[in-house]
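Asks: sequence first, predicted model second:
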Amino acid sequence: TTGAVDTAMLILKPDKATFDTVVDEFYNVPYDPVTGWDNTDNTDLGPGGILKYVFDNELMPDAIELDRCIYSNNADDTCNTAPYDEIVGYNLSNDICGQPWMCTYDLDQQGWSDETIMMCDTFLKHWVNLRTDFAQNSLNQAVTETNGDYHVEIYHGLCNGQGPVNYIPVLTDDQNGDYHVEIYHGLCNGQGPVNYIPVLTDVPELLNCVEGSTVFNGCDGTFTTDTVSPVGQGAEVSLNIEFPQQCDVFYAPPGVNGATVIDFSGTAEIRTNGIADTSMVFVIDRSGSTCDVHSLGCAGDENSDSQNDDILDCEILAILGLIDKVREDGTVSHVGLVSFSSALLTVSPATIELPLTDINIMDSNLVHAIENSIRAIDCGGATNYAAGVEKACEVIDSSTTEDNVVVFISDGLPTRGGAPANFCNKKSIFHTVALGPGTSCESADTPTSLGEIASSTEGTCQEVQNVPDIRLLLKKIAATKFTSISASTHATESSVNFGCNDVDGYTNSLNIPCAQLEDYCGDWLAGPDFADYLGRTGDDACCACGGGVFNDYGELDQFGSDIANPNTLIATRYEHTAIVHPGEHTICTQVTGLSAGVPGINIQCKQILVCNHPDDF
């Protein structure tokens, strides 16, 4: 059996890129049961349908059509003269040669040409040889003696006479029934299907997908997961899944090889919990280049250095605006400030301009002290990332908050200091900003980069070519937002399996990727003690450990939401459809969000069952 997989077309996999193209189209091209793939009237939802769509639409211009006589020869008049040694695959699933287990050679020969007779003889003999080899070399129990006398030259003793009742099966164990022994050869104890003696004496009862039943036997209907997860300590992300639900059963439409379309829908929100427990440290580049260009159109002379509207002025004003925002949102409790360049005679490589200070104490003197500390920065020196990271961690390591965020801004590549020796002892995330023309997140010619600093701490790096845009970008970094709402299959027992992929970009808290965690599955390095910032373990994220993703359905479509909650910072509704094949699946929906630069994730998984249409059994 092929488990309802369409074998009418032979799928070859010449390279991974070609295979990935077919899979991507399968998941992304819209399908309608009436109008087919992308309104092409190709309504086959199985492999044959998507392959026809891909090749008909010339998505692979270098593709060639396979020769049926070589790859699926059925010995008809079109193909019965093909050289046998060139044939890759033959087809016995039609009415020409017939199936060997039907023992109908004399009946099938009606109207055959001499060429078809010769070709079918060859195919049948080859199949019989395969069965014989399997029976002799692959089974660890007694097999029947093949001494049938019907067309021995073709069936080699597998048939006692004409018709399927005369076919001699492989196994004999317990086949000692006494009902019409001359016909059933011990396979029946009496009349009716209840008296049939199966090949296996301990056959599991078929519990699911029987006669249209919508009951998913073996599924735990009481299983639940947390619907709310923290986004730092000051906010939480909530996911309400409407569809699919735990133990849902889906039946495919008839004639589509069991594949069916299921819906994803629900709502998500991020809300404040009234606890501002995040420290935010700003690391600002004060190297000489930050004062080189004036009149940028984003600030005045914010630090009173008689140099008006330069990059440093823009940085200062953007940070002051961000402090106002996080104070209003109630997501950050303390802020600090570090400035960096390289050592000059009168300029140290990095300076703590403002130690961690509570921004929620509404003391006018304190508010002015914070602002004055930020406005007092002056420029000079070269760019030294390592010194900035070191001083930022000195501030962070004095923090008493659970979550710590560093906003690291520079207008140039590092020209001094090398790579950071290490990062903070306390959990912290660096969000870096490459500010101005010619500055980028990545640099192959320097010992470190803004991108490396961010990725090492599970943060983000963003490039801002237009300096005045820094004010809007900083507010976006601290804003409350959804970064992803997606769905995927995390475990599957299906008739079609596209394989497992590790969770994209996963590393544990020690920055060890899945490729290096294989020897630690079920052990400490792949367990919760070393989960990543989002709480994901190697056992959950890595295929070698039994986790990973089998089918990624991608981002779900987001719409406006009417959730009315005074604590809600942002809310959305999501909807999507995906094609799922027959079998048992664990379908996971996950929402990832940010609040004050701190990420959070809620993942909920549901077991579902997809059945073939009853007419297809």
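Replies: Arrived safely, thanks for sending.

Asks: show me where the stretch 451-600 of the chain has its helices.
Replies: Listed in chain order, the helices of the stretch 451-600 of the chain (DSSP state H, counting those that start in this stretch) span 470-478, 538-541.

Asks: kindly compare burial across those and name the winner.
Replies: Mean neighbour count (mean count of other Cβ atoms under 10 Å) peaks for helix 538-541 among the helices of the stretch 451-600 of the chain, with a mean of 24. Every C-beta, even on glycine, is put in place using the N, C-alpha and C of the backbone.

Asks: name the helices or strands packed onto it?
Replies: Packed against helix 538-541, as judged by 3 or more Cβ pairs under 8 Å, 6 or more residues apart in numbering; DSSP states H and E, are no other helices or strands.

Asks: pull that helix out as PDB, backbone CA atoms only.
Replies: Output of helix 538-541 as PDB, limited to C-alpha atoms (Å, rounded to 0.1, in the frame of the first residue of the first chain):
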ATOM      1  CA  GLY A 538      17.400  22.000  22.100                       C
ATOM      2  CA  ASP A 539      15.100  19.000  22.600                       C
ATOM      3  CA  ASP A 540      12.200  21.100  21.300                       C
ATOM      4  CA  ALA A 541      14.000  22.900  18.500                       C
END
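
Asks: and the contacts of that helix?
Replies: Helix 538-541 is contacted by residues 502-503, 506, 508, 512, 514, 517, 520-522, 525-527, 530, 532, 545-548 when judged by Cβ atoms under 8 Å, 6 or more residues apart in numbering.

Asks: flag the shaky bits of the stretch 201-350 of the chain, pLDDT-wise.
Replies: Applying pLDDT under 70 to the stretch 201-350 of the chain picks out residues 201-206, 257, 287-296, 301-306, 341-350.

Asks: now stretch 538-556: mean pLDDT?
Replies: Mean pLDDT, stretch 538-556: 89.

Asks: revised request: answer the last question for stretch 116-134.
Replies: The average of the pLDDT scores along stretch 116-134 is 84.

Asks: now that stretch: how far from the chain's centre is it?
Replies: Taking Cα atoms, centre = their mean, to the nearest Å, the mean C-alpha location of stretch 116-134 is offset from the chain mean by 44 Å.

Asks: got it, and stretch 326-338?
Replies: Distance, stretch centre to chain centre, for stretch 326-338: 34 Å (Cα atoms, centre = their mean).

Asks: chain center to stretch 534-541: distance?
Replies: With Cα atoms, centre = their mean, you get 13 Å for stretch 534-541.

Asks: same question, stretch 91-108
Replies: Distance of stretch 91-108 from the chain centroid (Cα atoms, centre = their mean) equals 45 Å.

Asks: only the buried residues of that stretch, if you could.
Replies: Using 16 or more other Cβ atoms under 10 Å as the test for burial, stretch 91-108 gives 91-92, 96-105, 108.

Asks: what lies in contact with it?
Replies: Residues contacting stretch 91-108 (Cβ under 8 Å, 6+ apart): 7, 72-76, 116, 119-120, 123-124, 127-128, 131, 150-151, 154-155, 158-164, 166-167.

Asks: which of these are buried?
Replies: Using 16+ other Cβ under 10 Å as the burial test, the contacts of stretch 91-108 include 72-76, 116, 119-120, 123-124, 127-128, 131, 150-151, 154-155, 158-160, 166-167 as buried.

Asks: residue 280: which of the helices of the stretch 451-600 of the chain is closest?
Replies: For these, the distance to residue 280 is smallest for helix 470-478, at 7.5 Å, taking Cβ to Cβ.

Asks: correct me, but residue 453 touches residue 390?
Replies: No - contact criterion Cβ atoms under 8 Å: residue 453 and residue 390 do not qualify, at 11.9 Å.

Asks: neighbour count for those two, which is higher?
Replies: Using other Cβ atoms under 10 Å as the criterion, residue 453 and residue 390 rank with residue 453 on top: 28 against 20.

Asks: give the contact list for the more buried one.
Replies: 385, 389, 408, 420, 430, 432, 459, 461.

Asks: just the ones of those residues in strands?
Replies: Among those, DSSP state E puts 408, 430, 432, 461 in strands.

Asks: tell me how far the residue nearest in space to the middle of the chain lies from residue 489.
Replies: Centroid-nearest residue in the chain: residue 552, 3.8 Å away (criterion: Cα atoms, centre = their mean). With distances taken as Cβ to Cβ, to the nearest Å, residue 552 is found 8 Å from residue 489.

Asks: ok, now residue 514?
Replies: When residue 514 is compared with residue 489 (using Cβ to Cβ), they lie 18 Å apart.

Asks: then residue 89?
Replies: Applying Cβ to Cβ to residue 89 and residue 489 gives a distance of 30 Å.

Asks: more neighbours: which of those two?
Replies: residue 489 (24 against 12).

Asks: what's across from the more buried one in the sheet?
Replies: Applying DSSP bridges to residue 489 gives these bridge partners: residue 551, residue 587.

Asks: quick one, what contacts it?
Replies: 549, 550, 551, 553, 580, 585, 586, 587, 588.

Asks: switch to 6 Å and redo it
Replies: Contacts here follow Cβ atoms under 6 Å, 6 or more residues apart in numbering; on that basis residue 489 touches 550, 551, 585, 587.

Asks: buried residues, stretch 314-333. List them.
Replies: Of the residues in stretch 314-333, those buried (16+ other Cβ under 10 Å) are 314-320, 322-323, 326-327, 329-333.

Asks: in the stretch 51-200 of the chain, which spans are helices?
Replies: Assigned helices in the stretch 51-200 of the chain, in chain order: 68-71, 105-108, 114-137, 152-155, 181-184 (criterion: DSSP H, counting those that start in this stretch).

Asks: for residue 249, find the nearest of the ones you listed.
Replies: Among the helices of the stretch 51-200 of the chain, if distance is taken as Cβ to Cβ, the winner is helix 114-137, at 35.6 Å.

Asks: looking at the ones in strands among the contacts of residue 453, state which has the most neighbours.
Replies: Within the ones in strands among the contacts of residue 453, neighbour counts (other Cβ under 10 Å) peak at residue 430, which reaches 30 neighbours.

Asks: report pLDDT for that residue.
Replies: The model reports residue 430 with a pLDDT of 91.

Asks: picking that back up, filter the contacts of helix 538-541 to the buried ones?
Replies: Looks like the contacts of helix 538-541 have 502-503, 506, 508, 512, 514, 517, 520-521, 525-527, 530, 532, 545, 547-548 buried, using 16+ other Cβ under 10 Å.

Asks: re the thing from before, what's the most distant pair in the buried residues of stretch 91-108?
Replies: Farthest pair in these, by Cβ to Cβ: 91 and 103, 19.0 Å.

Asks: if we can go back for a sec, restricted to helices, list the buried residues of stretch 314-333.
Replies: Among the buried residues of stretch 314-333, the members found in helices (DSSP state H) are 314, 315, 316, 317, 318, 319, 320, 322, 323, 326, 327, 329.

Asks: where along the stretch 251-400 of the chain do the helices fall?
Replies: 311-329, 364-375, 385-396.

Asks: okay, the longest one in CSV with CA atoms only?
Replies: Written as CSV, here are the backbone C-alpha positions of helix 311-329 (Å, rounded to 0.1, in the frame of the first residue of the first chain):
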residue,chain,number,x,y,z
ILE,A,311,24.8,63.2,14.3
LEU,A,312,25.5,63.4,18.1
ASP,A,313,22.7,66.0,18.5
CYS,A,314,20.4,63.6,16.6
GLU,A,315,21.4,60.7,18.9
ILE,A,316,20.8,62.7,22.1
LEU,A,317,17.4,64.0,21.0
ALA,A,318,16.3,60.5,19.9
ILE,A,319,17.3,59.0,23.2
LEU,A,320,15.4,61.7,25.2
GLY,A,321,12.3,61.0,23.1
LEU,A,322,12.6,57.2,23.7
ILE,A,323,12.9,57.8,27.5
ASP,A,324,9.7,59.8,27.4
LYS,A,325,7.9,56.9,25.5
VAL,A,326,9.0,54.1,27.8
ARG,A,327,8.1,56.2,30.8
GLU,A,328,4.6,56.7,29.3
ASP,A,329,4.2,53.1,28.4
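
Asks: and residue 72, what does it touch?
Replies: Residue 72 makes contacts with 89, 91, as judged by Cβ under 6 Å, 6+ apart.
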